[in-house]
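Asker: Pasted the sequence and its predicted model underneath.
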Amino acid sequence: MTDATATADTSARPHFSDGYKRLVLTLLVVAYTLNFIDRTIISTIGQAIKVDLKISDTQLGLLGGLYFALLYTLLGIPIARLAERFNRVNIIAVSIVIWSGFTALCGTAASFAQLAAYRFGVGVGEAGLSPPAHSLISDYFEPNKRASALAVYSFGIPLGSMFGAVIGGQMLDHFTWRVAFMLVGIPGIIIAILLRMLVKEPPRGHSEPDGHVAPEKAAYSLAKEFSEIGAVIRTLFASWPVLNMVLGMTLVSFAGYGGGQFAPPYFIRAFGLTYGEVGLIVGLVAGISQGVGTLAGGPITDRLGRLGPKWYSLVPAIGVTLAFPFIYLIYTAASWQAAALLLLLPGLFSYVYLGPTFGVVQNMVPAHRRATATAVLLFFVNLIALGGGPPFAGWLIDQFAAFHLANPGDSGLWAAVSHLFAAGGSAFQASCPGGSAPAGAAPDVVAACQGSLVLATRHGIIVSYAVSLWGAFHYFLGSFGLAKAMAKARADRGEA
């Protein structure tokens, strides 16, 4: 493409008003909110599923983690490659319909195997949202505003987690976990229709500076597709600072998905609260905290980024580190009131990592690779974090429960960790199926099952969240050389 052509293309680009951009971003946030409601509601209603289907915490973790994440991650890259060539709005709309339908089907499951199959289906649909959505946002918003715009989009994570917890808890107080699944699947159809009607497909590279637009689509070639994916992989994993930011995000997400999966069950098990009460506590208190942290992360780093790109990595490193002491205090608090009050704090710090990380990744690649960059990032992050975090936390709880059941006088965290493999988790499941004593069991057996499960859940959550400190260290490492890496990326695209 010649300079004259590029200039002509730039002048012919459509103009999108700030109000219209806000509308597009709002609709995408609502879609992402529904995405996370359908994805994470299982953490709120999981205790009811566990009791009804008589499953272990490891199985519960698989339902919330690997069984959802496997196809979600595997299909993300092929769908992203379609999004680089075809209408992104259509892809998003169809994806919403698919995941909403499978979410509703989860309510009809009569066994663990059926529920697992439907969770695979939810993952298939949800794979089609974030890669094309990140690409759309990057075409609507300029480079120096992308971290903020992507932080707003990421607000769907705490918002969806909040509504999922509140709605799921209220549903269980009045209906069943099956009804909860069916009802949360319905709104997605409406949002899919609104997106299809109201959101326009912008030209690729629409918001790039100096008229640098995306090249025209070349004829399809399998070799070309692998070449494009390989180029993105090299961008994310061959650059020291970007690699460390990806590792940081993966480990922080691993901790969050794992510990967060069992936060609602902890409040039920430890304090005997109802599902509705837990939904309000975990949903509103933690959701507000996480929402503020998510929204603040983008503008804070965009502002500090004027002092140097290293702050896009340092802000997450500092925030995640400051959050962990509060997490520890939450899960060792003597009352639910104290734990609920402390829930206001961790999200303010830890959730600042989302906007900066997504912003750096989008700014490291040219316009025609942005959906692919998000898909490759989410493939790596979610296969490990979402796929492994909840099952790991559930496995820890099962192991710790077996230890505490066999050693009722030893309630310390270090004792549980140092004897992690002393008793298999199946021993607890055999003695306390579904986490409860068998019907007609003696009072001391009932107390032993309940007490060991409470201690195990507390310790499993704390150990899971401790992984986030490892992630914070990688974010710190990522600050070294980030300015040079981002400058090289701009130069490679021919930007000033």
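Answerer: Done, it's in.
Asker: Quick one: low-confidence residue ranges for the stretch 201-350 of the chain.
Answerer: Within the stretch 201-350 of the chain, the ranges that satisfy pLDDT under 70 run 206-221.
Asker: Swap in 80 and give it another go.
Answerer: Low-confidence segments of the stretch 201-350 of the chain (pLDDT under 80): 204-225, 294-295, 297-298, 305.
Asker: Go ahead and name everything in contact with stretch 401-412.
Answerer: With C-beta atoms under 8 Å, 6 or more residues apart in numbering as the test, stretch 401-412 has contacts from 57, 415-416, 419-420, 422-428, 431-432, 435, 448-449, 451-453, 455-456. In short, each C-beta sits where N, CA and C put it, glycine included.
Asker: Show me what the mean pLDDT comes to for it.
Answerer: Across stretch 401-412, pLDDT averages out at 86.
Asker: Can I get that stretch in PDB? Just the C-alpha atoms.
Answerer: Presented in PDB, the C-alpha positions along stretch 401-412 are these (Å, rounded to 0.1, in the frame of the first residue of the first chain):
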ATOM      1  CA  ALA A 401      -9.700 -32.500  55.100                       C
ATOM      2  CA  ALA A 402      -8.400 -36.000  55.200                       C
ATOM      3  CA  PHE A 403      -5.400 -34.800  57.400                       C
ATOM      4  CA  HIS A 404      -7.600 -32.900  59.800                       C
ATOM      5  CA  LEU A 405     -10.100 -35.700  60.100                       C
ATOM      6  CA  ALA A 406      -7.300 -38.100  61.000                       C
ATOM      7  CA  ASN A 407      -5.600 -35.600  63.300                       C
ATOM      8  CA  PRO A 408      -8.300 -33.600  65.100                       C
ATOM      9  CA  GLY A 409      -5.900 -32.100  67.500                       C
ATOM     10  CA  ASP A 410      -3.600 -30.500  64.900                       C
ATOM     11  CA  SER A 411      -5.300 -27.500  63.400                       C
ATOM     12  CA  GLY A 412      -2.400 -25.400  62.200                       C
END
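Asker: ok, and for that stretch, which residues are buried?
Answerer: Buried residues in stretch 401-412, counted by 16 or more other C-beta atoms under 10 Å: 401-406.
Asker: Export those to a markdown table and append columns for distance to L247 and secondary structure.
Answerer: Formatted as a markdown table, the buried residues of stretch 401-412 follow (distance: C-beta to C-beta, whole Å; DSSP: H, G, I helix; E, B strand; the rest coil):
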| residue | distance to L247 | secondary structure |
| --- | --- | --- |
| A401 | 31 | helix |
| A402 | 32 | helix |
| F403 | 31 | helix |
| H404 | 33 | helix |
| L405 | 36 | helix |
| A406 | 37 | helix |
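Asker: Now flag whichever of those is closest to S43.
Answerer: A401 (18.2 Å; C-beta to C-beta).
Asker: now the helices for the stretch 301-450 of the chain?
Answerer: Using DSSP state H, counting those that start in this stretch, the helices of the stretch 301-450 of the chain run over 311-330, 336-342, 346-350, 354-364, 370-406, 413-418, 425-431, 443-478.
Asker: how about those helices in a markdown table, adding distance to G107?
Answerer: Compiled in a markdown table, the helices of the stretch 301-450 of the chain are given as follows (distance: least, C-beta to C-beta, whole Å):
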| stretch | distance to G107 |
| --- | --- |
| helix 311-330 | 31 |
| helix 336-342 | 29 |
| helix 346-350 | 29 |
| helix 354-364 | 30 |
| helix 370-406 | 20 |
| helix 413-418 | 36 |
| helix 425-431 | 25 |
| helix 443-478 | 26 |
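Asker: Compare these and give me the one nearest V89.
Answerer: helix 370-406 (12.4 Å).
Asker: and the angle for that closest one with helix 354-364?
Answerer: 140 degrees (axes from the mean of the first three to the mean of the last three C-alpha atoms, to 10 degrees).
Asker: now helix 370-406: how far from the chain's centre is it?
Answerer: Offset of helix 370-406 from its chain centre (C-alpha atoms, centre = their mean, to the nearest Å): 11 Å.
Asker: Relative to A109, which of the helices of the stretch 301-450 of the chain is closest?
Answerer: Between A109 and the helices of the stretch 301-450 of the chain, the shortest gap by C-beta to C-beta is with helix 370-406, which sits at 17.9 Å.
Asker: Now do the closest one against helix 443-478, angle only.
Answerer: 140 degrees.
Asker: in helix 370-406, what counts as buried?
Answerer: Neighbour counts over helix 370-406 (16+ other C-beta under 10 Å) mark 370-406 as buried.
Asker: What of stretch 95-110?
Answerer: Across stretch 95-110, burial judged by 16+ other C-beta under 10 Å covers 95-107, 109.
Asker: Narrow those to those in helices?
Answerer: Judged by DSSP state H, the subset of the buried residues of stretch 95-110 located in helices is 95-106.
Asker: List just the nearest of those residues to V246.
Answerer: Distance to V246 across these (C-beta to C-beta) is lowest for S95, with 23.8 Å.
Asker: what's the burial count for the closest residue to I281 other than its chain neighbours?
Answerer: Nearest residue to I281, sequence neighbours excluded (C-beta to C-beta, 6 or more residues apart in numbering): A340, at 4.8 Å. A340: 22 surrounding residues under other C-beta atoms under 10 Å.
Asker: Can you give me the distance of A340 to A263?
Answerer: Going from A340 to A263 by C-beta to C-beta, to the nearest Å gives 11 Å.
Asker: picking up where we left off before, now a ChimeraX select for only the buried ones of the contacts of stretch 401-412.
Answerer: Of the contacts of stretch 401-412, the buried ones can be selected in ChimeraX as follows, counting by 16+ other C-beta under 10 Å:
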select :57,415,416,419,423,425,427,428,431,432,435,448,449,451,452,453,455,456
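Asker: Could you list the low-pLDDT ranges of the stretch 51-200 of the chain?
Answerer: For the stretch 51-200 of the chain, applying pLDDT under 80 flags the ranges 64-65, 68-69, 142-148.
Asker: Now with 90, please.
Answerer: Along the stretch 51-200 of the chain, the model assigns pLDDT under 90 to residues 51-87, 99, 103-104, 106-112, 116, 119-132, 134-189, 199-200.
Asker: V179: what's it in contact with?
Answerer: Residues in contact with V179, defined by C-beta under 8 Å, 6+ apart, are 107, 171.
Asker: Start the count at 47 instead of 1 going forward.
Answerer: Understood, numbering begins at 47; the last thing we discussed is V225.
Asker: How much space separates it from S146?
Answerer: With distances taken as C-beta to C-beta, V225 is found 16 Å from S146.
Asker: just V509 next, same as before
Answerer: 35 Å.
Asker: cool, and Q336?
Answerer: 24 Å.
Asker: ok, now L175?
Answerer: 11 Å.
Asker: what sits against the nearest residue to F209 once chain neighbours are set aside?
Answerer: Ranked by C-beta to C-beta, 6+ apart and with sequence neighbours excluded, the top spatial neighbour of F209 is I83, at 5.4 Å. By C-beta under 8 Å, 6+ apart, I83 lies in contact with 206-207, 209-210, 213, 230.
Asker: same check, this time on I123
Answerer: For I123, the contacting residues are 275, 418, 421-422, 425, by C-beta under 8 Å, 6+ apart.
Asker: From the structure, what's the count of residues near R280?
Answerer: Neighbours of R280 under the rule other C-beta under 10 Å: 10.
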